[in-house]
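Asks: When you get a sec, could you give me coordinates for this:
(one chain, ligands or ions: 1)
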Amino acid sequence: MEQRVKRGGFGGKLAAILAAAGSAIGLGNIWRFPYITSENGGGAFILIYLGCILFLGLPLLVAEFAVGHNSKCNPIDAYSKIRKGWGWLGALGIVSVFLIMGYYFVISGWTLNYTLASATNSIGGDFGGFFSAFTTATWKPLIFTYLFILLNHFIIIGGVQGGIEKASKVMMPLLFAILVVLAVYSLWLPDGREALVNVFTPDFSKVTGKTFLDAMGQAFFTLSVGMGAMLIYGSYFKDGTKIAGTAISVVSLDTLVALIAAVIIFSAGVENESGMQLAFVAMPKVFSTMPMGNVWATLFFLLLGLAALSSTISMHEAVTSYFVEKRGMSRNKGAIIVTIGVLVLSTVASLSLGDWSDYKVAGMNIFALLDNFTAIVMLPLLGILTAIFVGWVWKKEDMKAELTAQGGIDQKTYPVLRFLLRYVCPVLVSVVFVFGIKAFIENL
Ligand code: TRP
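Replies: A predicted model of the protein is given here:
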């Protein structure tokens, strides 16, 4: 655990919030949240989702920040420094986040192509055709994915302050500005306000066991918890940055963005589309019918791309920090290894939608396998283990000191948080996890 390199860190509180909010706000908010919401009955799902965010996601985010902030280490050393023999938990997170990168970068690459194609008005009239021709092609999606990976690489080698912090300070305000412009415009559309009412009117008849599964999975995914990404950011917090306050800001911003994205998408009247089709097929189609449609479409895909980029840098950083601190490599070398690994995995994921779509594991192509395995198995599992670690394994006095004295949690809130981490999170997440695995296996 010897420190060979001087560790980087964020310059201040705002930087910490923007970077962590950047990790949280991603493809999960802008395309995943709206379609999962509409599949699950709108307002009813949102209520359950908000419950998951508040009672499971927020405590876990605080827990992960605390482990990072307390140990000031990469994910593996962080756990083993607090309790010997627990480094594997950090390793499990690193492996999982690497698997997520495998498909996340592919979609991120698409956003680049769609931004360009919208700006140059070259999508044409057949939106579904454009999407399937592009995503199943061999080279074109790969080139955009590689470009996106390269963009990421350059931010990462810029360092924590010179790369991640600087990029977040530019990207996040831009992202919020685009979001507000699109939201105002969509509420101004004839169907906009009606959509707003529809989204938030609960339809409890659509609530089933799967609703809870989806709500929890979405809450974990959107907050990037359990995989070391938030842990490494927590380890870069400047002294005096309060964990609780930062976590609340991040959760609030993330939730706000998800809700606004849902309004934008539903006001376009596309809530019945699902999955990737929603953002990449239905939205361009709607924009094409609007005055100045390609301007709106360009803004929308730029928004999606910015959200993706600020998330992928946190994933990359979590893995890079391992090579730098644990393997004693320079930042450049560590980043190159991660970048090459991601290049290889995302190549496989991208090709698995086209040329290699006949290779299936458990009935899924590699792209879908990476997505489903991480979302259904790894995210909840890491959530349970993180809660157990902080609630049961971490020495009580040390944990308390970290959360209260350092973390800024008052004496009245602390027992509530501890209770949530010790009992509520492990038990509830385990129940949902078991049902998720069952459904996953039945679907094979
Ligand atoms: N939170 C991001 C989103 O909503 C995805 C993400 C970023 C993530 N970093 C992560 C998910 C780490 C899991 C683990 O798109």
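Asks: from here on, contacts and neighbour counts on C-alpha atoms
Replies: Will do.
Asks: which residues are there in the stretch 301-444 of the chain that come within reach of the ligand?
Replies: Proximity of the stretch 301-444 of the chain to the ligand is confined to 311, 314-315 under the rule Cα under 6 Å from any ligand atom.
Asks: my read: Val160 touches Phe10, true?
Replies: Yes - under the criterion of Cα atoms under 8 Å, Val160 makes contact with Phe10 at 6.6 Å.
Asks: Show me what stretch 78-85 is in contact with.
Replies: Stretch 78-85 is contacted by residues 67-68, 71-72, 86-87, 89-90, 393-394 when judged by Cα atoms under 8 Å, 6 or more residues apart in numbering.
Asks: Let's have those residues in a markdown table, adding distance to Ala119 and pLDDT.
Replies: Converted to a markdown table, those look like this (distance: Cα to Cα, whole Å; pLDDT from 0 to 100):
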| residue | distance to Ala119 | pLDDT |
| --- | --- | --- |
| Val67 | 44 | 97 |
| Gly68 | 41 | 97 |
| Ser71 | 46 | 96 |
| Lys72 | 43 | 96 |
| Trp86 | 49 | 98 |
| Gly87 | 47 | 97 |
| Leu89 | 44 | 98 |
| Gly90 | 42 | 98 |
| Val393 | 53 | 98 |
| Trp394 | 52 | 97 |
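Asks: Most widely separated two among those?
Replies: Lys72 and Val393 (18.3 Å; Cα to Cα).
Asks: Neighbour count for the two, which is higher?
Replies: Lys72 (21 against 14; other Cα atoms under 10 Å).
Asks: residues touching that one, list them.
Replies: 78, 232, 234-236.
Asks: now it: how far from the ligand?
Replies: Using Cα to the nearest ligand atom, to the nearest Å, Lys72 is found at 18 Å from the ligand.
Asks: swap in Ala63?
Replies: From Ala63 to the ligand the distance is 15 Å (Cα to the nearest ligand atom).
Asks: Could you say which helix or strand holds that residue?
Replies: Taking DSSP states H and E as the definition, one finds Ala63 inside helix 58-71.
Asks: Against which helices or strands is that helix packed?
Replies: helix 75-82, helix 229-235, helix 243-267, helix 379-388 (3 or more Cα pairs under 8 Å, 6 or more residues apart in numbering; DSSP states H and E).
Asks: Could I have the CA atoms of the first one written out in PDB?
Replies: Taking only C-alpha atoms (Å, rounded to 0.1, in the frame of the first residue of the first chain), the coordinates of helix 75-82 have been written out as PDB:
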ATOM      1  CA  PRO A  75     -10.900   0.800  -4.600                       C
ATOM      2  CA  ILE A  76      -8.900  -2.300  -3.700                       C
ATOM      3  CA  ASP A  77      -6.600  -0.700  -1.200                       C
ATOM      4  CA  ALA A  78      -9.400   1.300   0.200                       C
ATOM      5  CA  TYR A  79     -11.300  -1.700   1.500                       C
ATOM      6  CA  SER A  80      -8.200  -3.600   2.600                       C
ATOM      7  CA  LYS A  81      -6.900  -0.600   4.500                       C
ATOM      8  CA  ILE A  82     -10.100  -0.300   6.500                       C
END
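Asks: So is the first helix or strand past it going along the chain next to the ligand?
Replies: Counting by DSSP H and E, the next helix or strand C-terminal to helix 75-82 is helix 87-119. Yes - counting by Cα under 6 Å from any ligand atom, contacts between helix 87-119 and the ligand involve Val97.
Asks: Buried residues, stretch 14-24. List them.
Replies: The neighbour-count criterion (16 or more other Cα atoms under 10 Å) identifies 15-24 as the buried residues of stretch 14-24.
Asks: follow-up on the earlier one: who touches both of Val160 and Phe10?
Replies: Tyr236.
Asks: How about Met399: what's its closest non-neighbour residue?
Replies: Distance criterion Cα to Cα, 6 or more residues apart in numbering; nearest residue to Met399, sequence neighbours excluded, is Val390 at 7.2 Å.
Asks: doesn't Val270 make contact with Asp191?
Replies: No - between Asp191 and Val270 there is no contact under Cα under 8 Å: 11.2 Å.
Asks: higher neighbour count, these two?
Replies: Shown here are Asp191 and Val270; by other Cα under 10 Å, Val270 has more neighbours (20 against 14).
Asks: Determine which stretch of the helices and strands packed on helix 58-71 is the most buried.
Replies: helix 229-235 (a mean of 30; mean count of other Cα atoms under 10 Å).
Asks: Surely Gly124 is within a helix?
Replies: No - counting by DSSP: H, G, I helix; E, B strand; the rest coil, Gly124 falls outside a helix, being coil.
Asks: And the pLDDT for it?
Replies: At Gly124, the pLDDT value in this model is 88.
Asks: Now it: phi and psi?
Replies: The phi and psi values for Gly124, taken as degrees, to the nearest 10, are phi 80, psi -170.
Asks: hmm, back to that, so Val160 and Phe10 - more neighbours on which side?
Replies: Neighbours around Val160 and Phe10, counted as other Cα under 10 Å, are more numerous at Phe10. The numbers are 24 against 21.
Asks: okay but that one is in contact with Ile17, surely?
Replies: No - checked against Cα under 8 Å, the pair Phe10 and Ile17 is beyond contact range at 9.8 Å.
Asks: Taking the stretch 251-400 of the chain, what residue is nearest to the ligand?
Replies: Nearest residue of the stretch 251-400 of the chain to the ligand, counting by Cα to the nearest ligand atom: Ser311, 4.4 Å away.
Asks: quick one: that residue and Asn29 touch, right?
Replies: No - at 11.0 Å, Ser311 does not count as touching Asn29 under the criterion of Cα under 8 Å.
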